[in-house]
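*Asks:* Here is my input; please provide its structure:
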Amino acid sequence: MTSLSPTEVKRYSRHIVLRGVGGDGQQKLKAARVLVVGAGGLGSPAIAYLAAAGVGTLGVVDHDTVGLSNLQRQVIHQSSGIGMPKAESAAQFVAGLNPHVTFVPHAERITADNAARLMTGYDMVLDGTDNFSTRAVTAAAAQAAGLPLVSGAVSMFDGQVTVFMPKGPQFTDLYPDTPDEADLPACEVVGVLGAVTGVIGTLMAMEAIKLITGVGEPLVGRLLLYDGRAARFDEMQYG
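*Replies:* I've put the predicted structure just below:
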């Protein structure tokens, strides 16, 4: 088991005294290798809380650069970083928050051709991408690699999150039919309330931490739906 330094024991003291996590759970977090696909609205809070929690190795896949319109919701990036690759900007954020995290930037777009390579060496994947085709590619690659996948999505005032395990209901069970991309609402067209991405991205980090530490019941075969306007959570079974 990966040992914790005195500085880490102090940093993570609220986890270490937390029943169900404790020192063993914190050591599991330090030993974990997590890949986050997308450093945008969902990836930002997920990256922030996984880094703060002490995930030992955090990889981030993102081919894009920071734009002004991103800053309304992509909270790990700053105005001074406009034009910077998001993977690089995320690396700077993580380094400033927690020097005990090893950050691995992957400044490229995930595709069917490179997904297996990108996932090599990781224990788990979080998908915070914003289009169906990329989410489908990521899910298929995670399933093929035998990796748990925490998947989130948002639109306007609403969001959703679920967990796909290697031996459990899969992305294709939740989405048996491939929709026409032209029929799906794009964030650039319909908008999204920034705080909604914070809600869902933080829930994604929570599910990842649960999987790593073994605490609680993950959202396997369950889609958690969030209605921001009504301040209501609902749940849908699938698989």
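
*Asks:* Poorly predicted segments of this structure, please.
*Replies:* The model of the chain has pLDDT under 70 over residues 1, 180-185.

*Asks:* If we use 90, what do you get?
*Replies:* Along the chain, segments meeting pLDDT under 90 span 1-3, 130, 177-190, 239.

*Asks:* mind listing the helices for it?
*Replies:* Taking DSSP state H as the test, the helices found in the chain are 6-11, 13-16, 22-31, 43-53, 86-97, 115-119, 132-145, 171-174, 187-190, 194-213.

*Asks:* Tell me which of these sits most buried.
*Replies:* Of the helices of the chain, the one with the most neighbours on average (mean count of other Cβ atoms under 10 Å) is helix 43-53, at a mean of 25. C-beta here means a position set from N, CA and C on the backbone, and glycine is covered the same way.

*Asks:* Quickly list what the residue nearest to the spatial centre of the chain is bridged to.
*Replies:* The C-alpha lying nearest the average C-alpha coordinate of the chain belongs to residue 126 (Cα atoms, centre = their mean; 3.7 Å). Going by DSSP bridges, residue 126 is paired in beta bridges with residue 36, residue 150.

*Asks:* Just want to check the distance between it and residue 92.
*Replies:* Separation of residue 126 from residue 92 (Cβ to Cβ, to the nearest Å) stands at 20 Å.

*Asks:* contacting residues around residue 38?
*Replies:* Residue 38 sits next to 61-62, 127-130 when contact means Cβ atoms under 8 Å, 6 or more residues apart in numbering.

*Asks:* Look up the closest residue to it, ignoring the ones flanking it.
*Replies:* Spatial nearest neighbour of residue 38, chain neighbours left out: residue 128 (3.8 Å); criterion: Cβ to Cβ, 6 or more residues apart in numbering.

*Asks:* can you tell me how far residue 163 sits from residue 117?
*Replies:* In this structure, residue 163 and residue 117 are 23 Å apart, going by Cβ to Cβ.

*Asks:* can you pull the contacts of residue 62?
*Replies:* Per Cβ under 8 Å, 6+ apart, neighbours of residue 62: 37-40, 43, 85-87, 90, 106-107.

*Asks:* can we see that at 6 Å?
*Replies:* If you count contacts by Cβ atoms under 6 Å, 6 or more residues apart in numbering, residue 62 has them with 38-39, 86-87.

*Asks:* what residues does stretch 85-101 touch?
*Replies:* Contacts for stretch 85-101 (Cβ under 6 Å, 6+ apart): 8, 39, 47, 51, 58, 60, 62, 64-66, 76-77, 81, 103, 105, 107.

*Asks:* from the chain's centre, how far out does that stretch sit?
*Replies:* 15 Å (Cα atoms, centre = their mean, to the nearest Å).

*Asks:* Could you export that stretch as CSV, CA atoms only?
*Replies:* Presented in CSV, the C-alpha positions along stretch 85-101 are these (Å, rounded to 0.1, in the frame of the first residue of the first chain):
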residue,chain,number,x,y,z
PRO,A,85,-4.2,24.3,-24.3
LYS,A,86,-6.8,23.1,-21.8
ALA,A,87,-4.6,20.2,-20.8
GLU,A,88,-1.8,22.6,-19.9
SER,A,89,-4.1,25.0,-18.1
ALA,A,90,-5.5,22.0,-16.1
ALA,A,91,-1.9,21.0,-15.3
GLN,A,92,-1.2,24.4,-13.8
PHE,A,93,-4.3,24.3,-11.7
VAL,A,94,-3.6,20.9,-10.3
ALA,A,95,0.0,21.8,-9.5
GLY,A,96,-1.2,24.8,-7.6
LEU,A,97,-3.8,22.9,-5.7
ASN,A,98,-2.0,19.7,-4.8
PRO,A,99,1.7,19.0,-5.5
HIS,A,100,1.3,15.4,-4.4
VAL,A,101,-0.7,14.6,-7.6
